[in-house]
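Colleague: I need the structure of the sequence given here:
(chains A, B and C)
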Amino acid sequence: MTETEVVEFEPEAGEVAEAGWSCRVHGSPMEALPVDLYIPPDALEVFLESFEGPLDLLLYLIRRQNLDILAIPIAEITRQYMAYIEVIQALRLELAGEYLVMAALLAEIKSRVLLPRPPASTEEEEDPRLALIRQLQEYERFKTAAERLDAMPRLERDVFHAHAARDALLGPPAPAPALEDLMDALVAVLRRAGLHAHHQISAEALSVRERMARILGTLEEREGFVDFVNLLAVDEGRPGVVVAFLAVLELSKAGLLEWGQGEPFGPIQVRRRAQAAAPE
Amino acid sequence: MTEMETTTPATVPSGTEEPGIELVLEAVLFAASEPVPVKDLVAACAVADAAAGRAEVEAALERLSDHYRDRSIELVRSAGGYRFRVRQAFSGHVQAAQPERPQRLSRALLETLAIIAYRQPVTRAEIEEIRGVAVSTQIMRTLTERGWVHVVGHKEVPGRPGLYATTRVFLDDLGLGRLDELPPLDALRELVDLPGEEGGAAPVPETGSANGDAADEPESGR
Amino acid sequence: MTEMETTTPATVPSGTEEPGIELVLEAVLFAASEPVPVKDLVAACAVADAAAGRAEVEAALERLSDHYRDRSIELVRSAGGYRFRVRQAFSGHVQAAQPERPQRLSRALLETLAIIAYRQPVTRAEIEEIRGVAVSTQIMRTLTERGWVHVVGHKEVPGRPGLYATTRVFLDDLGLGRLDELPPLDALRELVDLPGEEGGAAPVPETGSANGDAADEPESGR
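Modeller: Predicted structure coming up:
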């Protein structure tokens, strides 16, 4: 990495957190991305997502150059960090606030390290880099620990317990939930689901859903085609027929059914999709 | 896994060099929490050199079943596939081994059950999507074993995941005649939309504030 | 589940009239979802005429373990008690039989878990301080619902934030007996001298700051 250009970062005092900064190369605003930083924009998004935060990004920058955490050249790392942030912002990618806070911190450290200190205060002040170095070291330990945890054999991924079902066993049944408990639970789910717009629990008629389940069960038991009309619950009167009919339509829409008709004007038949391939 | 000690000597079981599909099936069936369809059993055998067709798998299941003839568990077949089950004769012993019987149903279990009741037939992935968190195998096992939910079919998407629905037992235990006697979802929705109460649940992620976590009530860990 | 059929002939297994504690233990162990402590195994034998003391139970466990010597599963003992487990050699087959792969854990979740494991009891704010980013409510929920972490108390600071710790289930799931069997954290390197960016000899850092780094070895589980 040969750097000929000087990329300077100028935080406007006090406004750092609002990202009101600019990036200048040789005093003029930077237009192109720094060469050593060039990453295709699509890749950058993925790249950014692969970082767990500003500490992780800093660690990456340090490791990439085989630098020792204990001896990070703050000016250089700050420069690179800022360049990343700049690129990310130029691409208008979403950037978590923590990255900007770190940027501000780096800028501050850099200015304190580079500024000559008044002799009087030297013994009082700790090197501003120390806190950051400690934080980086601390974070790295846990990052490593997390990788080791993940590598350990884990239940239900690498290790499996052996058990047998006990539904044949008699005995005191687990307590049935009170209806209110069930409702409370559902309300909680709905409340959470409401936080994500894409989860919609629609208020479909329950009787239809129940019938969908029942019809699937029936088709699972009887292998092969079943006469469509036999699925309609005639004995339940008109509402029963309508509900069953709607249920069949819903299942069909969901791609769970296969239709057939052996001969013209013959009975219309239904079976579960793809079951023919797996006779049980 | 240093502490975990095997009670058998640390030798590789003699059957391992050439496992034989009987042992492969045994492992898969014991590891499963639900009945295993024959096609999944065939898939398990396809790994390494144990490859076997459907007929061979069925013959091996026969031998496996025989092997457990005099033991405390039995191999049973249901619509969904095969599984091991503890024999009825041992039910008293199994219960005696469980010190505190009436456990409370966990929040996670109730939520899962409620979603199945209202969204059936529904896959596990769909439940997870609605709940926003993974649903443990344990929960599905408990619900199935309790007889409240069962698999009524498989969704025709990759992996053919099972579709869960509630059972007659579920309705009976809740004292309901039919599923649509559950309170309508609309009524619940109004409850949900009521402002206040859970004030902290803003859609924006909290920025690392020290005590912004009032919203996660600690669930009683198992 | 009415349609359940047994593949074996519908006779009572020959061992049933006088089960023998080996079969009782087998049934109990297969029925359990968690390791079974010896005392619960003894309790199971106390039913009917199978009564047995601790020594007899342990001898029977030995025989049981022997019985499965050449099978795909093994009897293992962990801190919590005994349980059956699929032998490692068959893991691949079991995975192949599962249509849905278990989800990978995100790095954010793993890092959070690691911090809780090594720093417990710890508040969410403290976790955020180490990671340098906000910890989502979602992650804490997932960890709690998997039963890996729980709130063990509240820190006496404004807001009384919950203090998180790992659970028995966490250890069990990783096959550990105790917390201090976790791989040790890397040591913090002491920094003596910062190379001058500009000059300015750095003062020696005090090591015993905020996080009490000296005492980093995980303390053995509560």
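Colleague: which parts of the top helix by length along chain A are buried?
Modeller: When chain A is parsed with DSSP state H, its longest helix is helix A:128-151. Using 16 or more other CB atoms under 10 Å in any protein chain shown as the test for burial, helix A:128-151 gives A:128-130, A:132-143, A:145-146, A:149-150. C-betas here are computed from N, CA, C, even on glycine.
Colleague: and that helix, average pLDDT?
Modeller: For helix A:128-151, the mean per-residue pLDDT is 92.
Colleague: Briefly note if it comes near chain C.
Modeller: Yes. Helix A:128-151 reaches chain C (CB under 8 Å from any CB of the partner chain) through A:129-130, A:133-135, A:137-150.
Colleague: for stretch A:177-189, same thing?
Modeller: No. On the criterion CB under 8 Å from any CB, stretch A:177-189 is out of touch with chain C, staying 11.4 Å away.
Colleague: Next secondary structure element downstream of the lowest-mean-pLDDT helix or strand in chain B?
Modeller: Using mean pLDDT, DSSP states H and E, strand B:5-6 stands out as the lowest-scoring helix or strand of chain B, at a mean of 46. Remark: after strand B:5-6, the chain's next helix or strand is helix B:20-31, criterion DSSP states H and E.
Colleague: Quick check: which helices or strands does that next one pack against?
Modeller: In terms of contacts (3 or more CB pairs under 8 Å, 6 or more residues apart in numbering or on different chains; DSSP states H and E), helix B:20-31 is packed against helix B:38-45, helix B:54-67, strand B:81-86, strand C:73-78, strand C:81-86, helix C:91-97.
Colleague: ok, now with 10 Å
Modeller: If you count contacts as 3 or more CB pairs under 10 Å, 6 or more residues apart in numbering or on different chains; DSSP states H and E, helix B:20-31 packs onto helix B:38-45, helix B:54-67, strand B:73-78, strand B:81-86, strand C:73-78, strand C:81-86, helix C:91-97.
Colleague: List the buried residues for the second one?
Modeller: Applying a neighbour-count criterion of 16+ other CB under 10 Å, one finds B:57, B:60-61, B:64-65 buried in helix B:54-67.
Colleague: Contact partners for residue 57?
Modeller: Since you didn't name a chain, this refers to chain A. Neighbouring residues of A:Leu57 by CB atoms under 10 Å, 6 or more residues apart in numbering or on different chains: A:47-48, A:50-51, A:80-81, A:84-85, A:88, A:98-99, A:102, C:132.
Colleague: My question was about chain B, not that one.
Modeller: Contacts of B:Val57 (CB under 10 Å, 6+ apart): B:21-22, B:24-25, B:38-39, B:41-42, B:44-45, B:82.
Colleague: nearest to C:Val169, of those?
Modeller: Set against C:Val169, the nearest of the contacts of B:Val57 by CB to CB is B:Ala44 (27.0 Å).
Colleague: And the closest one, how far from chain C?
Modeller: When distance is defined by CB to the nearest CB, to the nearest Å, B:Ala44 is 4 Å away from chain C.
Colleague: Could you report the pLDDT at the closest residue to that residue other than its chain neighbours?
Modeller: Excluding the flanking residues, the one nearest B:Ala44 by CB to CB, 6 or more residues apart in numbering or on different chains is C:Ala97, at 3.7 Å. At C:Ala97, the pLDDT value in this model is 89.
Colleague: Check the one 10 residues further on too.
Modeller: In this prediction, C:Arg107 carries a pLDDT score of 92.
Colleague: The very next helix or strand once past the longest helix of chain A and chain B in contact?
Modeller: Toward the C-terminus, helix A:128-151 is succeeded by helix A:179-193 as the next helix or strand (DSSP H and E). Yes. Interface with chain B: helix A:179-193 contributes A:179-193 (CB under 10 Å from any CB of the partner chain).
Colleague: Wait, a helix at B:Val133?
Modeller: No. With DSSP: H, G, I helix; E, B strand; the rest coil as the criterion, B:Val133 is assigned coil and is not in a helix.
Colleague: is it true that it touches B:Arg107?
Modeller: No. With contact defined as CB atoms under 10 Å, B:Val133 does not count as touching B:Arg107 (11.1 Å).
Colleague: When these two are compared, which one has more neighbours?
Modeller: The residue with more neighbours, out of B:Val133 and B:Arg107, is B:Val133; 20 against 17, by other CB atoms under 10 Å in any protein chain shown.
Colleague: Spell out which helix or strand contains the residue lying closest to the more buried one once chain neighbours are set aside, please.
Modeller: Leaving aside its sequence neighbours, B:Val133 sits nearest to C:Thr142 (CB to CB, 6+ apart; 5.0 Å). Assessed by DSSP H and E, C:Thr142 sits inside helix C:137-145.
Colleague: Would you tell me what the next helix or strand after that helix is?
Modeller: strand C:149-154.
Colleague: if we can go back for a sec, overlap in contacts of B:Val133 and B:Arg107?
Modeller: Common neighbours of B:Val133 and B:Arg107 (CB under 10 Å, 6+ apart) are C:144-145.
Colleague: Apart from its chain neighbours, what residue comes closest to B:Gly175?
Modeller: Once flanking residues are discounted, B:Gly175 sits nearest to A:Leu179: 7.6 Å by CB to CB, 6+ apart.
Colleague: Report the two of the contacts of B:Val57 separated the most.
Modeller: B:Glu22 and B:Lys39 (18.0 Å).
Colleague: neighbour-wise, which of the two wins?
Modeller: A count of neighbours by other CB under 10 Å puts B:Glu22 above the other of B:Glu22 and B:Lys39, at 21 against 17.
Colleague: got a list of what the nearest residue to the more buried one once chain neighbours are set aside touches?
Modeller: Spatial nearest neighbour of B:Glu22, chain neighbours left out: B:Ala60 (4.6 Å); criterion: CB to CB, 6+ apart. Residues counted as contacts of B:Ala60 (CB under 10 Å, 6+ apart) are B:20-26, B:41, B:45, B:50, B:52.
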